[in-house]
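Novice: show me the folded form of this:
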Amino acid sequence: MSLSRDAVAVIENPVVVRQSFHTEHLQVDRVETGQNNPTWLRELQFLHPVSGKVSAHKLVRVFAALCVLCLLGGVVIGVWFIVKILLRPNSAQSPASLGDAKDTSFCNVTEDISVTDPRKVFYRISVENSLLEIQLEKLQTWLPVCYERWNSSLGTLVCRQLGYLRLSKHKGVNLTDIGPNYTDGFVQIASEHQSNLESLWRFRGSCSTGKVIALKCFECGTRAKLPRIIGGVEATLGRWPWQVSLYYSNRHICGGSIITNQWIVTAAHCVHNYRLPQVSSWVVYAGIVTSNSAKLAQYQGFAVERIIYNKNYNHRTHDNDIALVKLRTPLNFSDTIRPVCLPQYDHDLPGGTQCWISGWGYTQPDDVHIPEVLKEAPVPLISTKKCNSSCMYNGDITPRMLCAGYTEGKVDACQGDSGGPLVCQDESVWRLVGVVSWGTGCAEPNHPGVYTKVAEFLGWIYEIIESY
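Specialist: Okay, here's the model as predicted:
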């Protein structure tokens with residue numbers, strides 16, 4: 001499959017190596033302009049008289065004029081300050097200025113507690129017998145899929161629709177082997193030439209072959225049953241097994257998430273500002289919770305083969321802030337190294353959904369050292385409507401972004417967390433809903449974290465993985 005050059009940028013084995021580099025901060029640099037701040041005090045030019053003699057009458061007139069000017073200036077300045085104070089509650093403030101105001105009571109935009117689901121066909125794989133089941137629009141029953149006209153390519157499409165990277169296995173199962181559980185009918189492929197999964201199916205009363213489809217998709221989004229620190233913020237080993245650390249020249253730069261044994265998802269701004277970097281200078285550490293250099297020496301770092309960032313990434317707005325990193329050698333999955341699932345197609349989670357962030361970023365905005373142990377924190381999703389309101393980001397959130405955090409601040413991602421995962425549990429598996437992207441400050445009131453919306457890049461991710 002060919003890729004359009006305006007949708008991807010590949011960094012691979014460049015000859016020229018940049019001599020210096022800097023870490024891209026999670027916080028967006030904003031240029032603050034003064035609002036209603038005219039310069040009322042003017043520079044006075046003292047006039048030197050031509051004659052050395054000045055009459056007393058002239059001195060009195062000059063002194064009186066100066067007094068009048070000072071009085072008028074004081075009145076104007078006083079009026080200006082009074083007007084500014086009176087208008088402040090009703091004036092439109094920029095998101096950057098809201099960080100200084102600790103009052104969050106005025107940000108009372110109604111949160112969307114539900115979202116409209118645009119899907120007309122729903123898919124699931126039965127936990128009991130691995131049968132593929134489909135629910136068509138206007139039908140409340142989950143129906144099995146007839147084996148007729150089935151193929152592995154269709155199985156891959158269904159798995160990806162469910163947020164799984166690929167199909168692992170599929171087979172036809174005799175209806176006589178699964179018992180009398182399915183009596184409401186079946187679903188069958190209507191046409192082999194339909195590429196749209198929603199228009200592909202039709203209801204059938206029976207299956208001519210007497211077989212239905214059972215399939216298994218690429219396993220992801222699960223973790224071993226390991227203990228957790230109660231009430232703590234430090235993550236135990238294996239709690240977030242898809243979390244990785246991206247090192248450049250022996251320094252932690254960003255986080256990332258494992259989606260296959262060779263592919264990592266991170267943020268474009270983590271790699272975009274390294275002009276022609278030497279790919280061999282990048283190392284990915286997986287299956288760790290420590291960033292201590294001495295302890296890290298016990299782990300194997302994985303060399304990077306290729307870095308691909310979305311060519312549509314805008315470094316000013318951080319729109320399309322997503323990148324893929326391919327490892328030179330595959331990871332060996334274990335209790336501490338596992339992939340995370342991707343989101344389902346056309347499935348938005350409502351505001352208020354509880355999700356989790358993790359990373360080695362600063363625990364305070366003014367820190368200079370990253371913590372030695374991986375941190376974790378729960379954060380609720382915030383609807384784009386609320387996040388785009390004038391009391392938060394005032395329209396800066398694009399359809400390819402999402403917000404998570406608290407109106408009052410206190411819990412947020414920060415510098416060093418960039419590229420890391422925002423994961424939400426869905427149907428017993430964890431899905432990579434967002435990638436840590438940007439935010440005004442760290443954990444400031446009315447400035448929640450902003451994340452790349454992974455669901456908007458599913459086609460791009462699948463295309464890149466197939467092409468490289």
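Novice: return the set of residues that bridge with the residue most central in space within the chain.
Specialist: The residue lying closest to the centre of the chain (CA atoms, centre = their mean) is residue 451, at 2.4 Å. Residue 451 has these beta-bridge partners by DSSP bridges: residue 402, residue 436.
Novice: can you check the pLDDT for it?
Specialist: Note on residue 451: pLDDT of 97.
Novice: show me this protein divided up by domain.
Specialist: 121-217, 224-467 (automatic domain parsing).
Novice: what's the closest of those domains to residue 71?
Specialist: domain 224-467 (39.1 Å; CB to CB). Placement of C-beta: from N, CA and C, glycine included.
Novice: can you tell me the SS state at residue 155?
Specialist: Three-state assignment for residue 155 (DSSP: H, G, I helix; E, B strand; the rest coil): helix.
Novice: pretty sure it sits against residue 215.
Specialist: Yes. Assessed by CB atoms under 8 Å, residue 155 is found in contact with residue 215 at 5.3 Å.
Novice: give me the common contacts of the two.
Specialist: Residues touching both residue 155 and residue 215 (CB atoms under 8 Å, 6 or more residues apart in numbering) are 167, 170.
Novice: most packed of the domains of the chain?
Specialist: domain 224-467 (a mean of 20; mean count of other CB atoms under 10 Å).
Novice: can you measure across that one, start residue to end residue?
Specialist: Start and end residues of domain 224-467 are separated by 32 Å (CA to CA, to the nearest Å).
Novice: quick one: it to chain centroid distance?
Specialist: Remark: domain 224-467 is offset 7 Å from the chain centroid, using CA atoms, centre = their mean, to the nearest Å.
Novice: can you pull out the helices in the protein?
Specialist: 56-87, 95-98, 152-161, 268-272, 293-296, 384-387, 458-467 (DSSP state H).
Novice: those: lowest mean pLDDT?
Specialist: Among these, helix 95-98 scores lowest, with a mean of 29.
Novice: any idea which helix or strand in the protein has the lowest mean pLDDT?
Specialist: Each helix and strand of the chain was given a mean pLDDT (mean pLDDT, DSSP states H and E); the minimum falls on helix 95-98 at a mean of 29.
Novice: now the end-to-end length of stretch 150-169.
Specialist: Span of stretch 150-169 from end to end, CA to CA: 13 Å.
Novice: then stretch 117-129?
Specialist: 27 Å.
Novice: got it, and stretch 381-391?
Specialist: 17 Å.
Novice: would you map the strands across the stretch 101-250 of the chain?
Specialist: Assigned by DSSP state E, counting those that start in this stretch, the stretch 101-250 of the chain shows strands spanning 121-125, 132-136, 143-144, 167-174, 186-189, 201-204, 211-217, 243-248.
Novice: let me fix that: the stretch 351-468 of the chain
Specialist: 354-359, 375-382, 401-404, 421-426, 429-438, 449-453.
Novice: which other helices and strands does the shortest one contact?
Specialist: Meaning strand 401-404. strand 375-382, helix 384-387, strand 429-438, strand 449-453 (3 or more CB pairs under 8 Å, 6 or more residues apart in numbering; DSSP states H and E).
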